[in-house]
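A.B. asks: Predicted model follows, preceded by the sequence.
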Amino acid sequence: MELICSRYMLFSKSRGRFEAIMQLWVAKVIFMKIDFSGLESTAPLCGASSEMFDGFSTSPSFQIPDTTDFDDFQKEAIQMVKPAKGTTTLAFIFKEGVMVAADSRASMGGYISSQSVKKIIEINPYMLGTMAGGAADCQFWHRNLGIKCRLHELANKRRISVTGASKLLANILYSYRGMGLSVGTMIAGWDEKGPGLYYVDSEGGRLKGTKFSVGSGSPYAYGVLDSGYRYDMTIEEAAELARRSIYHATFRDGASGGVASVYYVGPTGWKKLSGDDVGELHYMYNPVEPTIVEQEMSEA
Amino acid sequence: MSIFEYNGSALVAMVGKNCFAIASDRRLGVQLQTVATDFQRIFKIHDKLFVGLAGLATDAQTLYQRLVFRHKLYQLREERDMKPETFASLVSAILYEKRFGPYFCQPVIAGLGDEDKPFICTMDSIGAKELAKDFVVAGTASESLYGACESMFKPDMEPEELFETISQALLSSVDRDCLSGWGGHVYVV
C-alpha cells in the first residue's frame, strides 16, 4: 500500500492533484477487491462460540473485519500476539511407547506470567497434545480436536488413529494460515498400529517422526535428548532422559522454567509419571556443599 | 526486546539503621539464553561505597573501570576517600557527557557518608539522579522489585533484618522475570 501511495504522490506533482487523488482511490478499491475474493474461497468458519457446534458441516461464513487498513491490520495482529513460543516441550517414541514432557512457564516478553501452566493437554484417554506458542490457541484447538475425535468414534464405532487426529488438526490450522494463530504442537498417542507421534504447527506443517522438541528451549533439549536416546530403553530410563532434557533446557533458556512434567503413553493410555520443580532438579543433579561464605557474614 | 533487556539484571539497595544493603542477581544472558550464573554486578569503590550497574553488561564493565580510575585520581589528589554524594555527582556527570550516545546502564550507588549516615541513589542512563530515603531499584525486574520492596521495607532495620528483607525482595522479584535470577549477591555495610 505504501509503495503505491508514494508512486502516486510523485504523479501528483506532474499531473495535478485531483487526478492523482482519483487514481489513488481507484488503486485502493482495486486492491481491496482482489483481496476480498481470495479470502472468501478459502476461509473457514471463524471460531465464534455460539456457532461452534452448528458450524462443522455448514458452509463457511467469514466476516470481513471493519478496518481502514485492511492490508496491514493482520500484520499488526500477528505482532500483538508475538509468536515467540517461549517454552520447551519434547516427545519421543521408544520401545515401550511414547514419552512426552514439558516445562510449565508462561512468559510475556520478559515477564513471567505463570510458573504453573499445564502444557500437556489431554485430548482423550489415549492421546496427548503439547502446547507451545499461544496458550489460548493451543487450548482451544486441542479441545476442538478432542470433540472431533469423539464424534469420529461415535460415527465409526472405533477410535480415531493418531494419523487421523493429527491430520484433522493440521487441516484446521492450514485454513487459518496467515491469520496470526501461533501453535506448535505434538500429537502423541497409541492406536492400533502402535505408538504414534506427529508434529503439527500453525503454518500448516505436519511431520511424522520419532523424536521432536518444540519451543525456544528446544535446541538445548535436543542436545541432551539426541545424545542419550536409545530405542530400547525402559520406561524409567526414558522418563529420566525426558526429565533431564527439560531441566537442561530450563537452565539455559530464560523463557522456560517452573515444573518439568513427564507423561507416558502406553497401550492402555497415558499416565502422568512425574512433575518436579526444576530448581530442585538443579540441586539434585548438581549437589552443592555449603560454602564458607556464610561464616564470613556472621564474623563481620 | 530493548537494549536494556539484552543481558538482564536486577539490582536493589536499601537503607537501614546506620547501615545499608545492596543486592543484585547473578545471571548473565544473551536475550533468552543464559550464559553465566555467577556474574558480578556490584563493585566496591572503597570500604564504605559500593556501586551496582544494571543494564548492558559491556557498558557496566566499561563504566565501572572509568569510575574506579576517576576515584583513584581523586584519592591521589585529595588524600581521602570520596563521599557518596560526591561520587553520585561524578557518575551523573560522566553519564551526561555521553548524552547523545549513552552508556546503556542504570547505576545504583550505596554508601555511608559522614557519621555513618547511609546514602543511596539511582540514575537513569543519562545521569538523572534519584535520591531516596528507603530503597532504590534498577534492572529488568525493577517493576516487581518496586512492589516487593514497598511491601517488605520498614525504616531503621538492623543489619541482620535488613539482609533478610533485601534477599527476600530480590528473590521473589527475580522469580517473576525471565531475564534475571540464578541467585543473588548481597552486600551489607
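C.D. replies: Cool, the structure landed.
A.B. asks: Any stretches of the stretch 1-150 of chain A with poor pLDDT?
C.D. replies: A:1-63, A:65, A:67, A:69-84 (pLDDT under 70).
A.B. asks: Next to chain B, which bits of it? Give me the list.
C.D. replies: By the rule CB under 8 Å from any CB of the partner chain, the part of the stretch 1-150 of chain A lying against chain B is A:Gly86, A:Arg105, A:Ser107, A:Gly109, A:Gly110, A:Tyr111, A:Ile112, A:Gln115. Heads up, the C-betas are built off the backbone N, CA and C, glycines and all.
A.B. asks: need the contact list for the third one.
C.D. replies: Spelled out, it's A:Ser107. For A:Ser107, the contacting residues are A:Ala84, A:Gly86, A:Ser113, A:Gly254, A:Ala255, B:Cys178, by CB atoms under 8 Å, 6 or more residues apart in numbering or on different chains.
A.B. asks: mind redoing it with 7 Å?
C.D. replies: A:Ser107 makes contact with A:Gly86, A:Ser113, A:Ala255, B:Cys178, according to CB atoms under 7 Å, 6 or more residues apart in numbering or on different chains.
A.B. asks: Format the CA atom coordinates belonging to the lengthiest helix in chain B as PDB.
C.D. replies: Counting residues, the longest helix found in chain B (DSSP state H) is helix B:57-78. This file holds the C-alpha atoms of helix B:57-78, laid out as PDB (Å, rounded to 0.1, in the frame of the first residue of the first chain):
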ATOM      1  CA  ALA B  57      26.900  -5.800  30.700                       C
ATOM      2  CA  THR B  58      29.600  -4.400  28.500                       C
ATOM      3  CA  ASP B  59      28.700  -0.800  29.300                       C
ATOM      4  CA  ALA B  60      28.500  -1.800  33.000                       C
ATOM      5  CA  GLN B  61      32.100  -3.100  33.000                       C
ATOM      6  CA  THR B  62      33.500  -0.200  31.000                       C
ATOM      7  CA  LEU B  63      31.700   2.400  33.200                       C
ATOM      8  CA  TYR B  64      33.000   0.600  36.300                       C
ATOM      9  CA  GLN B  65      36.600   0.900  35.000                       C
ATOM     10  CA  ARG B  66      36.200   4.600  34.300                       C
ATOM     11  CA  LEU B  67      34.700   5.200  37.700                       C
ATOM     12  CA  VAL B  68      37.500   3.400  39.500                       C
ATOM     13  CA  PHE B  69      40.000   5.400  37.500                       C
ATOM     14  CA  ARG B  70      38.400   8.700  38.500                       C
ATOM     15  CA  HIS B  71      38.100   7.700  42.100                       C
ATOM     16  CA  LYS B  72      41.800   6.700  42.300                       C
ATOM     17  CA  LEU B  73      42.800  10.100  40.800                       C
ATOM     18  CA  TYR B  74      40.600  11.700  43.500                       C
ATOM     19  CA  GLN B  75      42.300   9.700  46.200                       C
ATOM     20  CA  LEU B  76      45.700  10.800  45.000                       C
ATOM     21  CA  ARG B  77      44.800  14.400  44.800                       C
ATOM     22  CA  GLU B  78      42.600  14.800  47.900                       C
END
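A.B. asks: That one near chain A anywhere?
C.D. replies: No - judged by CB under 7 Å from any CB of the partner chain, helix B:57-78 makes no contact with chain A; its nearest approach is 14.8 Å.
A.B. asks: List the contacts of that helix.
C.D. replies: By CB under 7 Å, 6+ apart, helix B:57-78 touches B:7, B:28, B:41, B:43, B:45, B:51, B:53, B:81-82, B:90-91, B:94, B:103-105.
A.B. asks: Next secondary structure after that helix?
C.D. replies: Remark: after helix B:57-78, the chain's next helix or strand is helix B:84-97, criterion DSSP states H and E.
A.B. asks: In terms of secondary structure, what does that following helix contact?
C.D. replies: helix B:57-78, strand B:105-112, strand B:118-123 (3 or more CB pairs under 7 Å, 6 or more residues apart in numbering or on different chains; DSSP states H and E).
A.B. asks: Count residues in the vicinity of the residue of chain A found nearest chain B, would you?
C.D. replies: Distances between chain A and chain B by CB to the nearest CB are smallest at A:Gly254, namely 3.9 Å. For A:Gly254, the neighbour count with other CB atoms under 10 Å in any protein chain shown is 26.
A.B. asks: Check A:Ile121 too.
C.D. replies: There are 20 residues near A:Ile121, going by other CB under 10 Å.
A.B. asks: next one: A:Ser175
C.D. replies: Look at A:Ser175: counted by other CB under 10 Å, it has 14 neighbours.
A.B. asks: A:Val183 versus that one, what's the distance?
C.D. replies: Distance, A:Ser175 to A:Val183, using CB to CB, to the nearest Å: 13 Å.
A.B. asks: Which one of the contacts of A:Ser107 sits in the busiest neighbourhood?
C.D. replies: B:Cys178 (29 neighbours).
A.B. asks: Need the nearest residue in space to that one, chain neighbours excluded.
C.D. replies: A:Gly254 (3.9 Å; CB to CB, 6 or more residues apart in numbering or on different chains).
A.B. asks: quick one: the one you found and B:Leu28 touch, right?
C.D. replies: No - counting by CB atoms under 7 Å, A:Gly254 sits too far from B:Leu28 to count as a contact (11.2 Å).
A.B. asks: so B:Gly111 bridges to which residues?
C.D. replies: B:Leu49, B:Phe119 (DSSP bridges).
A.B. asks: how far away is it from chain A?
C.D. replies: 17 Å (CB to the nearest CB, to the nearest Å).
A.B. asks: same thing with B:Val91?
C.D. replies: Separation of B:Val91 from chain A (CB to the nearest CB): 26 Å.
A.B. asks: Neighbours of that residue, how many?
C.D. replies: 23.
A.B. asks: dump the residue contacts of it.
C.D. replies: With CB under 7 Å, 6+ apart, B:Val91 has these contacts: B:Leu67, B:Pro107, B:Ile109, B:Met123.
A.B. asks: wouldn't the last one be in contact with B:Ala132 here?
C.D. replies: Think B:Met123. No - with contact defined as CB under 7 Å, B:Met123 does not reach B:Ala132; the gap is 11.7 Å.
A.B. asks: between the two, what contacts are shared?
C.D. replies: Contacts common to B:Met123 and B:Ala132, judged by CB under 7 Å, 6+ apart, are absent.
A.B. asks: rewinding a little: could the contacts of B:Val91 be laid out in a markdown table, adding pLDDT and neighbour count?
C.D. replies: Listed next are the contacts of B:Val91 as a markdown table, based on pLDDT from 0 to 100; neighbours: other CB atoms under 10 Å in any protein chain shown:
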| residue | pLDDT | neighbour count |
| --- | --- | --- |
| B:Leu67 | 94 | 21 |
| B:Pro107 | 95 | 29 |
| B:Ile109 | 95 | 28 |
| B:Met123 | 92 | 21 |
